[in-house]
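**Student:** Generate coordinates for the sequence data below:
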Amino acid sequence: MKHLLSILFLALCLLTACNNGSDEGKISTDLVTNPKSATQPSDKQPVLTFDKTEHDFGTILQGERVTYTFHFTNTGNMPLIISNVKTSCGCTIGAFSRAPVEPGKQGTIKATYDSKGHQGVQTRTLTVVSNTNPNQTVLRLKALVKTPDQY
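**Tutor:** As a prediction, this is how the structure comes out:
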């Protein structure tokens, strides 16, 4: 018990000796409240604005391949770069240009859905990854797939 008290006293002395009341070496909190920090949007950035983010093909025949082109505009003030378009399954393809889209200019993402082997109400997504804030935008495709005997 005496040994434990000695260790606790020594630890307390070391902790109080380290705090000499000086602010030297402390980090300023200005970085946390800086309005230009990573959590705050910058006034110089691209903005991805789609005409619409969802398309409904309506009723289609099973096995049919349908395509829709999503149109967007860079409404920001820096070049927009789309780095990837991730699809929710292998039955959907997202084609896009990797060339930067200048402010005020338009671009497209072509989405193709293959209904082979599917039936009923289908919803597929395309996740557009770009240099915007937020860096992902989700596009949706919908279709009611009917077999030949239901059509």
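
**Student:** Send me stretch 73-87 as PDB with only the CA atoms.
**Tutor:** Backbone C-alpha positions of stretch 73-87 (Å, rounded to 0.1, in the frame of the first residue of the first chain) are rendered in PDB as follows:
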ATOM      1  CA  THR A  73     -24.000  22.200 -66.100                       C
ATOM      2  CA  ASN A  74     -21.000  23.300 -64.100                       C
ATOM      3  CA  THR A  75     -22.600  26.200 -62.200                       C
ATOM      4  CA  GLY A  76     -19.500  26.800 -60.100                       C
ATOM      5  CA  ASN A  77     -16.400  28.900 -60.900                       C
ATOM      6  CA  MET A  78     -13.700  26.200 -61.200                       C
ATOM      7  CA  PRO A  79     -13.300  23.400 -63.800                       C
ATOM      8  CA  LEU A  80     -15.500  20.300 -62.900                       C
ATOM      9  CA  ILE A  81     -13.800  16.900 -63.200                       C
ATOM     10  CA  ILE A  82     -15.800  13.700 -63.100                       C
ATOM     11  CA  SER A  83     -13.500  10.900 -62.000                       C
ATOM     12  CA  ASN A  84     -15.900   8.000 -61.900                       C
ATOM     13  CA  VAL A  85     -19.500   6.800 -62.400                       C
ATOM     14  CA  LYS A  86     -20.200   3.800 -60.200                       C
ATOM     15  CA  THR A  87     -23.300   1.700 -61.000                       C
END
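
**Student:** contacting residues around the spatially most central residue of the chain?
**Tutor:** Nearest residue to the geometric centre of the chain (CA atoms, centre = their mean): residue 136, 2.1 Å. Residues near residue 136 by CB atoms under 8 Å, 6 or more residues apart in numbering: 127, 128, 129, 130. Quick note: C-beta positions are derived from backbone N, CA and C, even for glycine.

**Student:** In CSV: the residues you listed, plus distance to residue 114.
**Tutor:** Below are the contacts of residue 136 laid out as CSV (distance: CB to CB, whole Å):
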residue, distance to residue 114
127, 18
128, 20
129, 22
130, 25
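
**Student:** want to throw these into CSV with distance to residue 93, pLDDT and neighbour count?
**Tutor:** CSV is the format used below for these (distance: CB to CB, whole Å; pLDDT from 0 to 100; neighbours: other CB atoms under 10 Å):
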residue, distance to residue 93, pLDDT, neighbour count
127, 13, 98, 14
128, 14, 98, 23
129, 16, 97, 14
130, 18, 97, 22
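
**Student:** what's the closest of those to residue 84?
**Tutor:** Using CB to CB, residue 129 comes nearest to residue 84 of the contacts of residue 136, at 4.3 Å.
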